[in-house]
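[1] test case, fold it:
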Amino acid sequence: MAKGKGYALVIISLIIGSIGVGMGVYSILNFSPPEDLDEDGMEEGSKVVGLWENITGDYGWIYNLEFDDIQINKSDYFTLTDNWNITLTREGYYRFYIRFQWTSLQTWENYELRFGDTQLVYLNPAPAISYEVEEWRYVYSDGDDSFYFRCANNALNDGFSVSTVQSNNQFVLEYVGETQI
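    This next block holds a predicted model:
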């Protein structure tokens, strides 16, 4: 192979490699969560549309978390049915934030918290008799999606509960907007 053709292949390889790296960086940046969060983890420009200060659940091996004591209620963004089923009514991105304390856990059992079909927390086994949950998720809604939070003991035989201490419990629903996050 002539010396000139070898240099040409090296230059073409470098160009193709650079394009690949650039596309990879673009993909990562394009799908990363927003970085313009304030000290409380809230995205700049987002709007809190629902804030509940009390989360409850029956003592049992499986139940949906219920939300009470609403402090902010912008009901043109969501509806709440039976205190646990949240239906988003406006198209766009939303951020769900939930904080509560699981209690009466058995340290040899497995527990999970589901957000609709998505598993948020899985304890295998529970690390202690109580566990602090603090989770958030972004979702996109076309304006007609329903969500719920379900706690379960995978053994389906040992009951557990949610702490009734109000300072441990909070659920926040934010409307982020129609732009891609």
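[2] so where do the helices sit in the protein?
    3-31 (DSSP state H).
[3] spatially central residue for it, please.
    Centroid check for the chain by CA atoms, centre = their mean gives residue 137 as the closest residue, at 1.8 Å.
[4] what about stretch 98-116, distance to the chain center?
    Taking CA atoms, centre = their mean, to the nearest Å, one finds the center of stretch 98-116 at 16 Å from the center of the full chain.
[5] CA atoms only for it - export them in CSV, please.
    Only the C-alpha atoms of stretch 98-116 are listed here, as CSV (Å, rounded to 0.1, in the frame of the first residue of the first chain):
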residue,chain,number,x,y,z
ILE,A,98,-42.4,10.6,47.2
ARG,A,99,-41.1,10.3,50.7
PHE,A,100,-42.4,8.0,53.4
GLN,A,101,-41.2,5.5,56.1
TRP,A,102,-42.1,1.8,55.8
THR,A,103,-42.5,0.2,59.2
SER,A,104,-43.1,-3.2,60.7
LEU,A,105,-40.8,-4.8,58.2
GLN,A,106,-39.4,-8.3,58.7
THR,A,107,-35.6,-8.4,58.1
TRP,A,108,-35.8,-11.8,56.3
GLU,A,109,-38.6,-10.7,53.8
ASN,A,110,-38.5,-8.9,50.5
TYR,A,111,-40.5,-5.7,49.9
GLU,A,112,-41.1,-3.6,46.8
LEU,A,113,-42.6,-0.2,45.9
ARG,A,114,-44.0,0.0,42.4
PHE,A,115,-45.0,3.2,40.5
GLY,A,116,-47.5,1.8,38.1
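[6] need phi/psi at the residue nearest to residue 105 when sequence neighbours are not counted.
    In this structure, residue 105 finds its nearest non-sequential neighbour in residue 126, 4.0 Å apart by CB to CB, 6 or more residues apart in numbering. All C-beta atoms are positioned from the backbone trio N, CA, C, and that covers glycine. In terms of degrees, to the nearest 10, the main-chain angles of residue 126 are phi -60, psi 130.
[7] count the residues that sit near residue 126.
    Residue 126 has 19 neighbours, counted by other CB atoms under 10 Å.
[8] pretty sure residue 102 is touching residue 162, no?
    Yes. Using CB atoms under 8 Å, residue 102 is in contact with residue 162, at 6.5 Å.
[9] mutual contacts of the two, please.
    Common neighbours of residue 102 and residue 162, counting by CB atoms under 8 Å, 6 or more residues apart in numbering, are residue 151.
[10] list the residues that contact residue 107.
    Per CB under 8 Å, 6+ apart, neighbours of residue 107: 125, 126, 127, 128, 129.
[11] need the max-distance pair from these.
    125 and 129 (11.5 Å; CB to CB).
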